[in-house]
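Colleague: Sequence first, predicted coordinates after that:
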2 protein chains.
Amino acid sequence: MSKGAATRQAVLAEATEVASRLGLGGLTIGSLAARLDMSKSGLFAHFRSKEALHLQVLGYAKDAFTAEVVRPALRAPRGEARMRALFENWMNSVNVAAACLFVSASTEFDDQPGPVRDQLVADHRDLSDAIAQIFRTGIAEGQFDEAADPERFAHDLHSVMLGAFHARRLLNDPRTETWTRQAFEALLDAARPKPD
Amino acid sequence: MSKGAATRQAVLAEATEVASRLGLGGLTIGSLAARLDMSKSGLFAHFRSKEALHLQVLGYAKDAFTAEVVRPALRAPRGEARMRALFENWMNSVNVAAACLFVSASTEFDDQPGPVRDQLVADHRDLSDAIAQIFRTGIAEGQFDEAADPERFAHDLHSVMLGAFHARRLLNDPRTETWTRQAFEALLDAARPKPD
DNA sequence: GCTGAAGGCGAACGACCGTGCTATCAATGC
DNA sequence: GCATTGATAGCACGGTCGTTCGCCTTCAGC
């Protein structure tokens, strides 16, 4: 990796950290440069606009989230076990910057049209598709109901995780983990094949 | 209402609108003044700091949310009917500024300690308590299981609504309403008394 | 109708914003 | 080992930020 690419990665890592706490809007080039002991202009040269920085931060965060949450889960046996693995990884990412960033950026930009919002929508679709696909392997294995809607399951799971992030990060409620696990189990139960 | 109080209300209404789209952090005194055809200093005089403005916007939004969503629901018969009324009102508030503001402000400030965050936590507790209380009336009516945890129900319902706001506002997914209704019904079903 | 208070304006402040330009320094390719 | 490219710094620009201050106008109480 060339020197330029190395610093760029360092910048993106730090930017992801900051943005996960202050939001993308709270991310400023000046303070980011100060944190990395760089000059504003030196840092800025890597990204030719702030919007480009936003987009690249999103890309970096997506890679991190995929590496931390999604990819390890795909090594679990297909079907329910894989879904459980995804859930566990996701739960454990409540304090991982990349995961928080998507939650905050999504609500931050849901009303601000532009490339950043478009990217967020695309990223959500990707995640949602991944969940739905795992669900489908569960149907194929006979663990989930054929009549169940994989995309609806993805939506429901996402809701549960949004609730978990909210309760854990804003409220700091210790019951969060228990409740979230129970909600996840309820989702699985509801998706099981009906005996009749 | 004195003149000062009247303009203050107008400012808060507009500020709530703007903050629901740009977040509290995106709310600037200059642009807010321009929208209201006021001078920056004239507007600023009503609130002696930006943080005070934030707090008062939160107060205004809470009143609006209570008036729009919670209070009307309390007129429905106690128990399940009341819970359904709350849910309906809440669903219909997806495009109401006050409701969106709480969603966005909560994720925006979940990592920024201070009075604003404290207020958000308190407001969430109030809402959560209200939901739990309605649930308890449902237990008393025999519609919900005595063994069910009202606070957990409140958390679950909140998760469902977070998912609804996300899917509706960011993704603009038309299936949102159906899915959200189904999720709510699933929550009710799970809370019903067990036959054994 | 006068007087005191309150509401609102304009200008200005220092700080910081994103963004250029130019110069310097280090790394890279031959 | 030299030339070229790429990475970074310094400085400056026009704007906007939150905030302060002094002045003017409008209102309320008597």
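Modeller: Right, received. Where do you want to start?
Colleague: For chain A, give me the ranges with low pLDDT.
Modeller: For chain A, applying pLDDT under 70 flags the ranges A:1, A:196.
Colleague: how many other residues sit next to the closest residue to A:Ala99 other than its chain neighbours?
Modeller: Nearest residue to A:Ala99 in three dimensions, chain neighbours excluded: A:Ser93, at 3.9 Å (Cβ to Cβ, 6 or more residues apart in numbering or on different chains). (Glycine included, C-beta is placed from N, CA and C.) When counting by other Cβ atoms under 10 Å in any protein chain shown, one arrives at 18 neighbours for A:Ser93.
Colleague: before we move on, what about A:His54?
Modeller: By other Cβ under 10 Å, the residues close to A:His54 number 22.
Colleague: Equivalent analysis for the one 3 residues further on, please.
Modeller: Counted with other Cβ under 10 Å, residues neighbouring A:Val57 total 26.
Colleague: Looks like it contacts A:Leu27 (just checking).
Modeller: Yes. Using Cβ atoms under 8 Å, A:Val57 is in contact with A:Leu27, at 7.5 Å.
Colleague: give me the residue from chain A nearest DNA strand D.
Modeller: A:Gly4 (2.0 Å; Cβ to the nearest atom of the strand).
Colleague: Just give the closest residue to A:Ala64, not the sequence neighbours.
Modeller: Closest residue in space to A:Ala64, ignoring its immediate chain neighbours: A:Ala98 at 3.8 Å, by Cβ to Cβ, 6+ apart.
Colleague: which residues touch that neighbour?
Modeller: Contacts here follow Cβ atoms under 8 Å, 6 or more residues apart in numbering or on different chains; on that basis A:Ala98 touches A:16, A:20, A:60-62, A:64-65, A:68.
Colleague: Of these, just say which sits nearest to chain B.
Modeller: Ranked by distance to chain B (Cβ to the nearest Cβ), the contacts of A:Ala98 are led by A:Ser20 at 7.5 Å.
Colleague: Where does that closest one sit, in terms of helix or strand?
Modeller: A:Ser20 is part of helix A:3-22 when elements are defined by DSSP states H and E.
Colleague: Could you list every helix and strand in contact with that helix?
Modeller: Using 3 or more Cβ pairs under 8 Å, 6 or more residues apart in numbering or on different chains; DSSP states H and E, the elements in contact with helix A:3-22 are helix A:29-35, helix A:50-65, helix A:97-108.
Colleague: and the longest one, anywhere near DNA strand D?
Modeller: No. Applying Cβ under 7 Å from any atom of the strand, one finds helix A:50-65 separated from DNA strand D by no less than 11.8 Å.
Colleague: Report the buried residues of the following helix or strand past that helix.
Modeller: Remark: after helix A:50-65, the chain's next helix or strand is helix A:71-73, criterion DSSP H and E. Within helix A:71-73, the residues that count as buried by 16 or more other Cβ atoms under 10 Å in any protein chain shown are A:Ala73.
Colleague: Quick one: distance of helix A:71-73 to the chain centre.
Modeller: Centroid separation for helix A:71-73 versus its chain: 13 Å, with Cα atoms, centre = their mean, to the nearest Å.
Colleague: where does chain A come near DNA strand C, residue by residue?
Modeller: Residues of chain A that fall close to DNA strand C, judged by Cβ under 7 Å from any atom of the strand: A:2-3, A:27-31, A:40-41, A:44-45, A:48-51.
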